[in-house]
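*Asks:* sequence? don't have it. structure:
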């Protein structure tokens, strides 16, 4: 017999007693705009945090304030784009409020999804022991399914596995159909729509059958769980009663929908971001999320952080003027107490090499004035824009690090070693099995596929390998022995397991690669990472979810030598330097000619320029060569970026660079070099 159940509300103790005494003087620690956001009441809140306005500080104090106000720390969820950001914020909150902050759940969207799916995933047919595929593994599985469906022979111009993975990923993250993605961004493959739809279905089935999830699936399946499983949704909503989201302007449609569903029952969500710094559309992020937040969460309160703690006022005046022209924005005006400082400089060079020589010369002058090299950055729209400058800096003996290169976790030798560990952790992981088998001498694609078919059906896969005869027999026996030794060795620490596989893999490494000494150093670094993980499954999950950027970046802090930074603007977001050079600010290069097609793309280029300008603390130089011939368009590019057209000339100094000993038409020599 069923009957209506009447809820009985248990009030918080401090609500029945005298007003709770807070342990921190928030008004003394924060400016008025920050204080208003930190002490916001329940319900949805949007914090528009201008560049350098103390966004992180505001989030840290918000966490502390919630705990200080009596909220159970375990009921707070902090979502960030990197694990490091979450850890740093919670560590800082701990310094304010004590060890209670350790109970706050903080992490990336994908790591939190991973944790929730392992707990509640059975609601969408997912067992707790699923394996996460990184991008390269996902591409390999796509290639495998493509081959099984006979799509390899369909057409020589059928998209490659990396392109297919990109198409599938964009469809998932933007919540748009495969048809839409193809028509708008990959129209040259439109004829393959039916085949790609068939491949996507097969790819999904292959993953589900083997309990594999790719990076996108973590959010796709969490969203599905929240929408379809009312019990799980209610449990998660009770668990996370206060949700904080960092860098909301960088979210895609899928992430925004996950946030909406996480907060559906209580609406206690505070997102922090800057619409003027939304620059990742190429990754699927959408500017519309932050603009439409008040629509998605009716009744949302908007807070604005406008006091800047990074740059001088002359730099902010230029930044404000640039973004003032944006077609769609939350109006704000950055200001600072650092009123004095040199005006930004706009320098015109006759050609690219003159631009490079000016930058090198100016950096040497700044060093004489006491600006260290590691406080200097050169930013650019596209990576190839710095090639000439790199040669000039090397010629002058000015050391630098350039952001970019192959990701550490994507290098073949690191993936090889990890594949062996994944096979032991999940014997159904056919992608890793395929990679491992292909490393054995005498095993080619066909033999690997035949072995795979047998292995996944066998209760004793290692015996299957030992039974093989022929040229690959000994290699497969060695592989079986190495993997079987680890199988069931859960008591072995991760670093021990990595060492064990390394000993087996080393002869293969030396045989496969001429530069094996360099690759050995990478594997040594992998071993160092492994030492921090008692459990191998956590190690494998974390590497898939939050891989280190590159071996170079990991090693960089150990070097004593000061080095300046060369970086794309996208890679520089969130960073700051005393002196910033922004190069190639010539119309057609920045904004790129390709962005002239749509207003949305042009507006994103404006925001990118704004991000570049607001990286500088005190010195800002914008440089552009004139009379540059663009081979792609056949155009002669000769004017500075259109984003400076409406800016008052009073907001920057203008230099015309002239060769030493040459009298310029303007009759002055400030730019002589």
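*Replies:* Received the coordinates, thanks. These figures come from a predicted structure and were not determined experimentally.

*Asks:* residue boundaries of the helices in the stretch 451-600 of the chain?
*Replies:* All helices of the stretch 451-600 of the chain, identified by DSSP state H, counting those that start in this stretch, fall at 461-466, 473-486, 494-512, 516-530, 536-545, 551-555, 569-572, 599-613.

*Asks:* in the third one, what's buried?
*Replies:* This means helix 494-512. Neighbour counts over helix 494-512 (16 or more other C-beta atoms under 10 Å) mark 494, 495, 497, 498, 500, 501, 502, 504, 505, 508, 509 as buried. Where you see a C-beta, it was placed from the backbone N, CA and C, and this is true even at glycine.

*Asks:* just send those back as TSV, with pLDDT and distance to residue 436 too.
*Replies:* Conversion of those to TSV gives the following (pLDDT from 0 to 100; distance: C-beta to C-beta, whole Å):
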residue	pLDDT	distance to residue 436
494	90	18
495	88	20
497	91	15
498	92	15
500	92	14
501	94	10
502	93	14
504	94	10
505	94	10
508	92	10
509	90	14
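
*Asks:* of these, closest to residue 481?
*Replies:* Set against residue 481, the nearest of those by C-beta to C-beta is residue 504 (8.4 Å).

*Asks:* residue contacts, the closest one?
*Replies:* Residues near residue 504 by C-beta atoms under 8 Å, 6 or more residues apart in numbering: 420, 478, 479, 482.

*Asks:* swap the cut-off to 10 Å and go again
*Replies:* 417, 420, 478, 479, 481, 482, 483, 485, 486 (C-beta atoms under 10 Å, 6 or more residues apart in numbering).

*Asks:* neighbour-wise, which of these leads?
*Replies:* residue 420 (25 neighbours; other C-beta atoms under 10 Å).

*Asks:* how much space separates that one from residue 339?
*Replies:* Look at residue 420 and residue 339: by C-beta to C-beta, to the nearest Å, they are 60 Å apart.

*Asks:* likewise for residue 242?
*Replies:* Counting by C-beta to C-beta, the gap from residue 242 to residue 339 is 38 Å.

*Asks:* so the two - more neighbours on which side?
*Replies:* More crowded of residue 242 and residue 339, by other C-beta under 10 Å: residue 242, with 22 against 9.

*Asks:* thinking again about what came up before, got CSV for the helices of the stretch 451-600 of the chain, with distance to residue 146 too?
*Replies:* Output for these, formatted as CSV (distance: least, C-beta to C-beta, whole Å):
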stretch, distance to residue 146
helix 461-466, 25
helix 473-486, 26
helix 494-512, 25
helix 516-530, 29
helix 536-545, 22
helix 551-555, 31
helix 569-572, 31
helix 599-613, 31
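
*Asks:* would you single out the least confident of these?
*Replies:* When these are compared by mean pLDDT, helix 551-555 comes last with a mean of 35.

*Asks:* low-scoring stretches of the stretch 1-150 of the chain, by residue?
*Replies:* Scanning the stretch 1-150 of the chain for pLDDT under 70 picks out the ranges 1-20.

*Asks:* that one: strands as residue ranges?
*Replies:* Applying DSSP state E, counting those that start in this stretch to the stretch 1-150 of the chain gives strands spanning 45-49, 76-80, 105-108, 131-133.

*Asks:* just checking, what packs against the last one?
*Replies:* It stands for strand 131-133. helix 109-120, helix 135-148, strand 212-214, helix 215-228, helix 412-425, helix 430-438, helix 536-545 (3 or more C-beta pairs under 10 Å, 6 or more residues apart in numbering; DSSP states H and E).

*Asks:* please convert those to a markdown table, extending it with distance to residue 206.
*Replies:* Putting the helices and strands packed on strand 131-133 into a markdown table (distance: least, C-beta to C-beta, whole Å) gives the following:
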| stretch | distance to residue 206 |
| --- | --- |
| helix 109-120 | 18 |
| helix 135-148 | 5 |
| strand 212-214 | 8 |
| helix 215-228 | 12 |
| helix 412-425 | 16 |
| helix 430-438 | 8 |
| helix 536-545 | 18 |
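
*Asks:* quick one: contacts for residue 86?
*Replies:* Residue 86 is in contact with 59, 78, 79, 80, 104, 105, 106, 107, 108, 111, 112, 246, counting by C-beta under 10 Å, 6+ apart.

*Asks:* identify the farthest-apart pair in those.
*Replies:* Longest distance between any two of the contacts of residue 86 is 17.4 Å, between 59 and 111; criterion C-beta to C-beta.

*Asks:* contact partners for the closest residue to residue 613 other than its chain neighbours?
*Replies:* Once flanking residues are discounted, residue 613 sits nearest to residue 319: 4.9 Å by C-beta to C-beta, 6 or more residues apart in numbering. By C-beta under 10 Å, 6+ apart, residue 319 lies in contact with 50-52, 276, 308, 311, 334, 344, 609-614, 616, 620, 651.

*Asks:* just residue 423 next, same as before
*Replies:* Counting by C-beta under 10 Å, 6+ apart, residue 423 touches 131, 429-437, 455, 461, 479, 483, 486-487, 501.

*Asks:* what subset of the residues you listed is buried?
*Replies:* 131, 429-437, 455, 461, 479, 483, 486, 501.

*Asks:* looking at the helices and strands packed on strand 131-133, spot the one closest to residue 524.
*Replies:* Here helix 412-425 is closest among the helices and strands packed on strand 131-133 (C-beta to C-beta), at 11.2 Å.

*Asks:* off-centre distance for the closest one?
*Replies:* Remark: helix 412-425 is offset 23 Å from the chain centroid, using C-alpha atoms, centre = their mean, to the nearest Å.

*Asks:* just the angle for it relative to helix 473-486, thanks.
*Replies:* Angular relation of helix 412-425 and helix 473-486 on a 0 to 180 degree scale: 60 degrees, by axes from the mean of the first three to the mean of the last three C-alpha atoms, to 10 degrees.

*Asks:* what average pLDDT does helix 412-425 get?
*Replies:* Mean per-residue pLDDT for helix 412-425: 91.
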